[in-house]
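[1] Return a 3D structure for these sequence lines:
(2 chains)
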Protein chains: 2
Amino acid sequence: MKLAISGKGGVGKTTIASALIKVFAAKRSAVYAIDADPDACLASGIGIPDQEAQSIKPVVDMRDLIRSKSGGGAFYVLNPKLDDAVEEYCYRHGNVWFLRMGDVKKGGSECYCRENTFLHALISSLLLDKGEVVVMDMGAGIEHLTRGTAKGVDMMLVVVEPTKNSINTAHRVQEMAGDLGIKNVKIIANKIASEKQKQFIAKSFPDGDVLGFIPFNDILWANTMESPDKVESGRELLDQIENVCQKIEKEVGDLRRD
Amino acid sequence: MKLAISGKGGVGKTTIASALIKVFAAKRSAVYAIDADPDACLASGIGIPDQEAQSIKPVVDMRDLIRSKSGGGAFYVLNPKLDDAVEEYCYRHGNVWFLRMGDVKKGGSECYCRENTFLHALISSLLLDKGEVVVMDMGAGIEHLTRGTAKGVDMMLVVVEPTKNSINTAHRVQEMAGDLGIKNVKIIANKIASEKQKQFIAKSFPDGDVLGFIPFNDILWANTMESPDKVESGRELLDQIENVCQKIEKEVGDLRRD
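    Numbering: from 1, shown residues only, chains lettered A, B, ... in the order given. As a prediction, the model looks like this:
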């Protein structure tokens, strides 16, 4: 099962992605956690020290390795569980395999088109074993959608908060994910502080689109002044996300099989 | 004077950019307000109805007009105050001229490299009259910096909130803006709810780098369920930003001259 997490900047994509990864890691054989935002912090969200995360090579640098091993397209040989050569592109944390799309570059050097193109090819071709899950934390906004980076995922999850702007972005994401042929596009409502906010989001989407409403208190840790890896995201959040995970499995038809 | 506003997703870039635009509009002859994020909402932030903003052509489509008028590089003929032909690329709102970088595109169609390249060329070449200001609201994250979209601005303003992650992004932006040759890179601290948060941000940057600390209450409107154009950003926020504007003018050496 391959999932991508998107949404407007600041809605809590990385918080939600981290919680999904933790919950799937507890019930699945392996989770590939992919940071698709060069300005992101997924590693620390799932408890990997920043320095360790920065020490692994970004997947975009895998290209030469692929060429040398397969002469081209056959990405599945790169399954890190089967191939030691891939180790330097992964940071293993329990049964979570962390990968990152690209490095921070110099100002004025180049765009991230190459990284996005390669990540798309990699994710599309990755053959998962039973019980394995990919969770990709996408960059803020809509460019990863016009680029088609997450084309081929089983579900696009759009995180919203109770603001008109984040809901506008979610509607754009739904439409653009449709352009990419992604059939399952669902919403996770975050930072809900009142019944009014819940209703506001509920009525902004068709029935059944919103997989969960995550209360405001639980994500307060994201607003912390500590390094996120020092802060527990809290049992309550994980319980709520557990419920979301079950709905995702049901929607995608990918129930636990390991 | 040309300014660009950047920072991590969700820190309040558009809130701060909108307030800067309103304050400069009250004291300057003209403000060019440029939305450089295809997923952004600067128009509604400064009181332009979304529908009106969407009705103008994005600046990336100006290319043919430029070719037909000048055969190439001479962008200054496109000053909208001097040239009626540019009118369809601007929405005039008092003495604010609103422009947007690009349209929302279909999923999987293409990146926004073309838009960013063109915007950079346009901004670099725009000759401002005395007293005129450009305020560009950049996309979340760091890709506009690796692309060099804002190269040539007089100052890059980085908005932070009291979170470790947004400060990490700001440090990256400072370094990358330096790569672009932007000498003035300053910080605006947003969503400050306590003295501890203020000190946390103050000690994260060298003395003099933080131009202002904006209290949390004032930006609550951004968390609204109403359309942002229906919500007043509040006199208090504008007063604080007035103070920031004076520091910007002093740093850039561009004091009111109209």
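
[2] if I look at A:A177, how far off is A:D39?
    22 Å (CB to CB, to the nearest Å). C-beta: built from backbone N, CA, C; applies to glycine.

[3] can you check A:A17 too?
    A:A17 is 14 Å from A:D39, by CB to CB.

[4] Between those two, tell me which one has more neighbours.
    A:A17 (30 against 22; other CB atoms under 10 Å in any protein chain shown).

[5] in a helix, that's where that one is, yeah?
    Yes: with DSSP: H, G, I helix; E, B strand; the rest coil as the criterion, A:A17 is part of a helix.

[6] which ones are touching it?
    A:I5, A:A33, A:L42, A:G45, A:V135, A:M136, A:D137 (CB atoms under 8 Å, 6 or more residues apart in numbering or on different chains).

[7] In this structure A:M225 contacts B:K164, no?
    Yes: if you go by CB atoms under 8 Å, A:M225 and B:K164 touch, sitting 6.1 Å apart.

[8] Of the two, give the one with the bigger neighbour count.
    B:K164 (22 against 15).

[9] Report the separation between the more buried one and A:Y112.
    B:K164 is 23 Å from A:Y112, by CB to CB.

[10] for A:L122, same thing?
    When A:L122 is compared with A:Y112 (using CB to CB), they lie 14 Å apart.

[11] Name the residue in these two with the higher neighbour count.
    Neighbour totals were compared for A:L122 and A:Y112, and A:Y112 leads with 28 against 21 (other CB under 10 Å).

[12] which residues does A:I201 contact?
    A:V160, A:P162, A:I167, A:I187, A:A189, A:I192, A:V210, A:F213.

[13] okay, it: pLDDT?
    On the pLDDT scale, A:I201 is placed at 97.

[14] tell me the SS of it?
    helix.

[15] Let me see the ranges of the strands in the stretch 101-250 of chain A.
    Assigned by DSSP state E, counting those that start in this stretch, the stretch 101-250 of chain A shows strands spanning A:132-138, A:155-160, A:184-192, A:210-215.

[16] can you count the residues close to whichever residue of chain A sits closest to chain B?
    With CB to the nearest CB as the measure, A:G10 is the residue of chain A nearest to chain B, at 1.1 Å. Neighbourhood size, A:G10 [other CB under 10 Å]: 26.

[17] Leaving out sequence neighbours, find the closest residue to it.
    B:G10 (1.1 Å; CB to CB, 6 or more residues apart in numbering or on different chains).

[18] now swap in A:A202 and tell me
    Using CB to CB, 6+ apart, the nearest residue to A:A202 is A:V210, at 6.1 Å.

[19] for the residue nearest to A:H171 when sequence neighbours are not counted, what are its contacts?
    In space, and not counting its chain neighbours, A:H171 is closest to A:S204: 8.0 Å by CB to CB, 6+ apart. By CB under 8 Å, 6+ apart, A:S204 lies in contact with A:V160, A:I167, A:A170, A:H171.

[20] Going by residue numbers, what spans are helices in the stretch 1-150 of chain A?
    A:13-27, A:42-45, A:50-55, A:63-70, A:113-125, A:143-147 (DSSP state H, counting those that start in this stretch).

[21] Tabulate those (TSV), appending mean pLDDT.
    Formatted as TSV, the helices of the stretch 1-150 of chain A follow (pLDDT from 0 to 100):
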stretch	mean pLDDT
helix A:13-27	95
helix A:42-45	91
helix A:50-55	85
helix A:63-70	68
helix A:113-125	87
helix A:143-147	95
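
[22] closest to A:W97 out of the ones you listed?
    helix A:13-27 (10.0 Å; CB to CB).

[23] what's the distance between that closest one and the middle of its chain?
    9 Å (CA atoms, centre = their mean, to the nearest Å).

[24] okay, the angle between that helix and strand A:132-138?
    Using axes from the mean of the first three to the mean of the last three CA atoms, to 10 degrees, the direction of helix A:13-27 lies 170 degrees away from that of strand A:132-138.

[25] Please identify the buried residues of helix A:13-27?
    Neighbour-count burial for helix A:13-27, counted by 16 or more other CB atoms under 10 Å in any protein chain shown, picks out A:13-25.

[26] Point out where chain A drops to low pLDDT.
    Residues of chain A meeting the criterion pLDDT under 70: A:67-85, A:217-224, A:226-233, A:256-258.

[27] Any buried residues in the lengthiest helix in it, and which?
    As assigned by DSSP state H, the longest helix anywhere in chain A is helix A:235-252. For helix A:235-252, burial by neighbour count (16+ other CB under 10 Å) applies to A:L237, A:L238, A:Q240, A:I241, A:E242, A:V244, A:C245, A:I248, A:E249, A:V252.
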